[in-house]
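In: Predicted model and sequence below, questions to follow.
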Amino acid sequence: MRVDVVTIFPAFFDVLEVSLLGKARGAGLLDVRVHDLRDYATDRHRSVDDTPYGGGAGMVMKPEPWGAALDAIIADAATAPTFIFPSPAGELFSQRTARELSDAEHLVFGCGRYEGIDERVFAYAATLGDVRLMSLGDYVLNGGEVASMAMIEAIGRLIPGVVGNPESLVEESHENGLLEYPSYTKPASWRGQDVPDVLLSGHHRRVAEWRREQQMTRTRTRRPDLLPPSS
Ligand code: ADE
């Protein structure tokens, strides 16, 4: 998968070198290219923002540098990409979205700062590929960088070969609409706390039932919004 990122803070993405995604890049499974939006500014000060039409607080990102950056990315793209603009005003990003996007050949993350990006940039990007405004949740970050990092990790780890044991992807939170069951390792007793007996029993069916119950109880208490209204 090819991933382009447009940002005024390229250094944010240095951490993609480490850990699992760093290995995925090394193995050629993930081709990440980070672009500094200021390289596409046309004035001496390399400015990328201006005051909003209609007034109001804050600054808005100018369309021209964005247009030039997207054109440069498209120039050597093999297929029409999907553009993802992190935004608290976007659709909610979920495990389902991550799965859907993990099939894509080419994703472009556009990281906005200030009060947002001139709205015409989204319409322009829509002439080049699919466009999705994506929110991580109902809170506000200072910009799209941290949100893009989170989405790149959630999507990247679903690319076949990135996570060593694909079984571990099946058993985790949100994959079956429920929260994950609790996990334990040795020692069986630690600081007065014992691992539940059933997990030491070697009885596979009972372990599976217990885990399923734990998933239901956790989901009901922590995230009842995930369950259908009838349950
Ligand atoms: N940018 C600022 N806040 C955000 C959020 N909650 N999700 C995605 N992008 C954002």
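Out: Arrived safely, thanks for sending.
In: Buried residues, the longest helix anywhere in the chain. List them.
Out: In the chain, with assignment by DSSP state H, the single longest helix is helix 204-222. Residues of helix 204-222 classed as buried: 207, 210, 211, 214, 215, 218, 219 (neighbour count, 16 or more other CB atoms under 10 Å). C-beta coordinates here come from the backbone N, C-alpha and C atoms, glycine included.
In: What ranges does this structure have for its strands?
Out: With strands called from DSSP state E, the chain shows them at 2-7, 31-36, 49-50, 60-61, 82-92, 106-110, 130-135, 189-190, 193-194.
In: Let me know which of those strands is the nearest to the ligand.
Out: strand 82-92 (3.2 Å; CB to the nearest ligand atom).
In: Report the distance from that closest one to the chain centre.
Out: 10 Å (CA atoms, centre = their mean, to the nearest Å).
In: mind listing what the closest residue in space to residue 79 that isn't next to it in sequence touches?
Out: Closest residue to residue 79 in three dimensions, ignoring its sequence neighbours and counting by CB to CB, 6 or more residues apart in numbering: residue 105, at 5.1 Å. Neighbour list for residue 105: 1, 2, 78, 79, 81 [criterion: CB atoms under 8 Å, 6 or more residues apart in numbering].
In: ok, the residue nearest to residue 206 when sequence neighbours are not counted to the ligand distance?
Out: In space, and not counting its chain neighbours, residue 206 is closest to residue 198: 5.4 Å by CB to CB, 6+ apart. Going from residue 198 to the ligand by CB to the nearest ligand atom, to the nearest Å gives 39 Å.
In: correct me, but residue 198 touches residue 208?
Out: No. Using CB atoms under 8 Å, residue 198 is not in contact with residue 208; the gap is 10.0 Å.
In: State the pLDDT value of residue 231.
Out: On pLDDT, residue 231 comes in at 68.
In: quick one: residue 59 and residue 159, what's the gap?
Out: 36 Å (CB to CB, to the nearest Å).
In: residues in contact with the spatially most central residue of the chain?
Out: Nearest to the mean C-alpha position of the chain, counting by CA atoms, centre = their mean, stands residue 151 at 0.7 Å. Residues in contact with residue 151 (CB under 8 Å, 6+ apart) are 84, 86, 93, 98, 101, 109, 134, 136.
In: OK, contacts around the second one?
Out: Read it as residue 86. 109-112, 133-136, 141, 144, 147-148, 151 are the contacts of residue 86 under CB under 8 Å, 6+ apart.
In: Fine by me, we can end here.
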